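**Q** model the structure of this input:
(one chain, ligands or ions: 1)
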Amino acid sequence: MIDIHAHILPGVDDGSENMKMSLMMLSMCEDYGTKGIIATPHANIPGEFENYLGPDLLELMSALEEEKDLAGINVDIYRGMEIFATEDMPSLLEKGKLLTLNGTSYFLTEFAFGEDPDFCRKVLRECTAMGLKPIIAHPERYYFIQDDPRTAYDWCISGYGLQINKGSVMGAFGKRVQDTADLLISHGLAACVASDAHSHIERNTRMDRTAGYLARTYGEEFADLLLFKNPMRILEGKGLYGYEPIPVY
Ligand SMILES: [Fe+2]
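**A** Now for the predicted structure:
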């Protein structure tokens with residue numbers, strides 16, 4: 001498996017608290033079948049987790065990669081961010097203040113849970129006009145998607161990738177989120193499932209149970225698409241695979 005969304009970078013957001021915890025999260029990947037993981041610290045959350053690209057962040061990313069090698073953990077780490085969508089996100093991406101996923105044209109973005117869908121449409125269009133390709137983090141958790149999943153269908157047919165959280169699939173965020181995740185996956189709107197891990201305890205990097213659940217519920221092939229094939233396409237900057245999306249009403 002390849003995990004495209006994880007807060008494994010230590011001490012920069014509400015994810016891993018220190019290097020020791022980051023290494024435990026990475027060991028868990030190795031133990032449960034995740035071969036590659038993208039470090040996606042929260043970024044561009046004004047006044048909370050800004051994490052704009054600079055020497056400190058780059059140094060920390062290198063330190064994590066080195067410590068992982070020293071610990072002999074056989075997992076590949078890639079660089080990225082989970083970018084909170086603001087009015088100036090497109091210009092910050094253009095200026096190189098924010099990281100895309102593994103240096104590709106894919107970038108991982110999240111919205112405020114109660115965001116105005118018109119704002120999402122506008123800001124995503126500005127990014128695609130620059131040649132960037134959005135991967136939208138956990139759409140099933142947004143109230144405006146739960147209320148009207150047609151927005152998720154529009155995103156999918158616009159070519160945006162929808163990343164579902166493992167916790168949503170497994171019911172950790174409640175039934176409404178779980179039902180929305182199921183709706184998005186069963187209608188062919190999801191591109192991938194990722195851990196969105198924040199520690200080695202709760203919301204961790206372990207993906208094997210989720211893989212089993214997805215295979216039993218949607219079939220082995222679809223589970224492989226969500227957990228390996230599309231995440232690999234994202235790492236390589238290639239087009240996403242998917243089934244014909246079914247409209248939601
Ligand atoms: Fe996240």
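
**Q** hey, where'd the strands end up in this structure?
**A** For the chain, strands defined by DSSP state E occupy the ranges 2-6, 36-39, 42-43, 76-79, 82-84, 106-110, 133-137, 161-165, 192-194.

**Q** just the C-alpha atoms of the second one, please, in CSV.
**A** Just to be clear, that refers to strand 36-39. Extracted as CSV, the C-alpha positions of strand 36-39 are listed here (Å, rounded to 0.1, in the frame of the first residue of the first chain):
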residue,chain,number,x,y,z
GLY,A,36,5.5,4.3,0.9
ILE,A,37,4.0,7.2,2.8
ILE,A,38,3.7,10.9,2.0
ALA,A,39,4.5,13.3,4.9
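
**Q** helices and strands around that strand, which ones?
**A** strand 2-6, strand 76-79, helix 230-236 (3 or more C-beta pairs under 8 Å, 6 or more residues apart in numbering; DSSP states H and E). Yep, even glycine has a C-beta here, placed from its N, CA and C like the rest.

**Q** so is it next to the ion?
**A** No: Strand 36-39 lies out of reach of the ion by C-beta under 5 Å from the ion, never closer than 11.0 Å.

**Q** returning to what we had before: tabulate the strands of the chain (a markdown table), appending mean neighbour count and distance to C29.
**A** Shown next, in a markdown table, are these (neighbours: other C-beta atoms under 10 Å; distance: least, C-beta to C-beta, whole Å):
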| stretch | mean neighbour count | distance to C29 |
| --- | --- | --- |
| strand 2-6 | 27 | 7 |
| strand 36-39 | 24 | 6 |
| strand 42-43 | 23 | 20 |
| strand 76-79 | 19 | 9 |
| strand 82-84 | 26 | 18 |
| strand 106-110 | 24 | 18 |
| strand 133-137 | 24 | 19 |
| strand 161-165 | 26 | 16 |
| strand 192-194 | 29 | 12 |
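
**Q** okay, those strands in a markdown table with distance to R121 and mean pLDDT next?
**A** Converted to a markdown table, those look like this (distance: least, C-beta to C-beta, whole Å; pLDDT from 0 to 100):
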| stretch | distance to R121 | mean pLDDT |
| --- | --- | --- |
| strand 2-6 | 22 | 98 |
| strand 36-39 | 26 | 98 |
| strand 42-43 | 22 | 98 |
| strand 76-79 | 28 | 98 |
| strand 82-84 | 17 | 98 |
| strand 106-110 | 13 | 98 |
| strand 133-137 | 11 | 98 |
| strand 161-165 | 15 | 98 |
| strand 192-194 | 22 | 98 |
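
**Q** close to the ion: what parts of the protein are there?
**A** So the chain meets the ion at 82, 196 (C-beta under 5 Å from the ion).
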